[in-house]
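*Asks:* What shape does this take:
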Amino acid sequence: MRNNILSAKESGEAKLRDLFKFGNVRNSILKDPGQEVYDYLSEFVSLEGERTMVLMTKTAFNVYALSDNYFDTLVNFARINDIQRINKFFEAVNEKLPKDGIFVGCVETKGDRKHRILNKYPWGLAHIYYCFDFILKRIFPKLPITKKIYFKITGGRNRVISRTETLGRLYSCGFSVIDERKINGRMIFVVRKIDEPAFDEEPSYGPICKMKRFGKNGKIINVYKFRTMHPFSEYLQQYIYERNQLKEGGKFKDDFRISTVGKFMRKYWLDELPMIINLIKGDLKIVGVRPLSKQYLSLYSEELKAKRLQHTPGLIPPFYADLPKTLDEIMASEMNYLLQYEKNPIRTDIKYFISAIHQILFKKARSN
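*Replies:* Residues are numbered from 1 along each chain as shown. Predicted coordinates for the structure are as follows:
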């Protein structure tokens, strides 16, 4: 029975590959999505190659039906906006591709969708329509209360998805971005398989997010904050750093992961209110070095890494007392604080607390 299934499967794939010989792939792409997409993708992949599979599917089932590691390029022209379980689809693609295999997909991003709607209807009607569209197809799929109802009614089709979320999902599923381009109202992405998927069993979509950070003795703690970034942003730290580096104050430069509402919340520290939970649990103290992610901590010197992990991180970092501008200055500021703290903990924390509050209230100090 199993041999019959495998034989049928291989026969089906052979028929699909035979279609390539007659230029059907090229002709289909030229009709939809068009010449510009064909020319763009030809820069990265051989669209009519024997080991290239071109699909138009919204289900992972059709991907799992392919043989493992036979195709080195998978192209899917169905928008991920219409795929119900996006990460499961990406995980299926990852499973079928060999290491360094290429995956091509597309998405109508939140920005492109807004542009399309606002240009389709009269000004007043367009903004009302966009507002309801965003609530129904962006917010409802993310909230626990409305999520199940939304997916039951729509099957997950036509969701609003940001560029940040798209890239974050791809990185979480073991892909690295080679290139991306906007063509005809869609973002076409070309990515390479570099690793296995993260298989995050507790993805964070809601208004409060848990961020994995290093605590005392290297313990991984969940730091609670109000969401200021798009979902799956945490997987893009290396991507942002490699392309944009850091700006003054040690933050990522031109960080597109932060939402419009998130910028307002960060300006007034509203996003940090849930960290009181960490304070009560004992994961954080009032004054101390800020808890860092694995990627950000990797930028530090080995000496400071070891010193940091000996202490409990804090809500108010020495940054606000010293206002360093570069990463080297930040590391020097933190080392100075930790050395003083080891000699006189209470006195040091009181001194830094008073200095930080003075800088924040009277000199308008901000972390960015």
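
*Asks:* Residue 304 contacts residue 334, correct?
*Replies:* Yes: assessed by C-beta atoms under 8 Å, residue 304 is found in contact with residue 334 at 6.5 Å. C-betas here are computed from N, CA, C, even on glycine.

*Asks:* And these two? Which one has more around it.
*Replies:* Legend: neighbour count by other C-beta atoms under 10 Å for residue 304 and residue 334, higher for residue 334 (23 against 17).

*Asks:* Just to be sure, that one is in a helix?
*Replies:* Yes: Residue 334 sits within a helix when classified using DSSP: H, G, I helix; E, B strand; the rest coil.

*Asks:* Residue 305 is in contact with that one, correct?
*Replies:* No: using C-beta under 8 Å, residue 334 is not in contact with residue 305; the gap is 10.7 Å.

*Asks:* sorry, back to before: give the intersection of the neighbour lists for residue 304 and residue 334.
*Replies:* Applying C-beta atoms under 8 Å, 6 or more residues apart in numbering, one finds that no residue jointly contacts residue 304 and residue 334.

*Asks:* if I pick residue 176, what's in contact with it?
*Replies:* Residue 176 touches 191, 192, 194, counting by C-beta under 8 Å, 6+ apart.

*Asks:* give me the low-pLDDT residue ranges for the stretch 201-350 of the chain?
*Replies:* 201-205, 245-253 (pLDDT under 70).

*Asks:* all helices in it, in order from the N-terminus.
*Replies:* Here the stretch 201-350 of the chain has its helices, by DSSP state H, counting those that start in this stretch, at 237-244, 260-267, 276-281, 294-297, 302-308, 319-322, 327-343, 345-362.

*Asks:* which one of the ones you listed has the most crowded surroundings?
*Replies:* Among the helices of the stretch 201-350 of the chain, helix 319-322 has the highest mean neighbour count (mean count of other C-beta atoms under 10 Å), at a mean of 22.

*Asks:* helix or strand right after the strand or helix carrying residue 111?
*Replies:* For residue 111, the host element (DSSP states H and E) is helix 110-120. Next along the chain after helix 110-120, taking DSSP H and E as the criterion, comes helix 123-134.

*Asks:* Determine the angle, from 0 to 180 degrees, between that next one and helix 110-120.
*Replies:* Helix 123-134 and helix 110-120 are oriented at 150 degrees to each other (axes from the mean of the first three to the mean of the last three C-alpha atoms, to 10 degrees).

*Asks:* Give the helix, strand or coil label for residue 195.
*Replies:* Per three-state DSSP, residue 195 ends up coil.

*Asks:* separation between the residue lying closest to residue 60 once chain neighbours are set aside and residue 333?
*Replies:* Spatially, and ignoring its direct neighbours in sequence, residue 60 is nearest to residue 92 (4.0 Å; C-beta to C-beta, 6 or more residues apart in numbering). To residue 333, residue 92 is 47 Å away according to C-beta to C-beta, to the nearest Å.

*Asks:* cool, residue 191 as well?
*Replies:* From residue 191 to residue 333 the distance is 38 Å (C-beta to C-beta).

*Asks:* ditto for residue 98
*Replies:* Where residue 333 is concerned, residue 98 sits at a distance of 46 Å (C-beta to C-beta).

*Asks:* what's the answer for residue 322, then?
*Replies:* Relative to residue 333, and taking C-beta to C-beta, residue 322 is found at 4 Å.

*Asks:* Equivalent analysis for residue 206, please.
*Replies:* 34 Å.

*Asks:* go on, residue 80?
*Replies:* In terms of C-beta to C-beta, residue 80 sits 43 Å off from residue 333.
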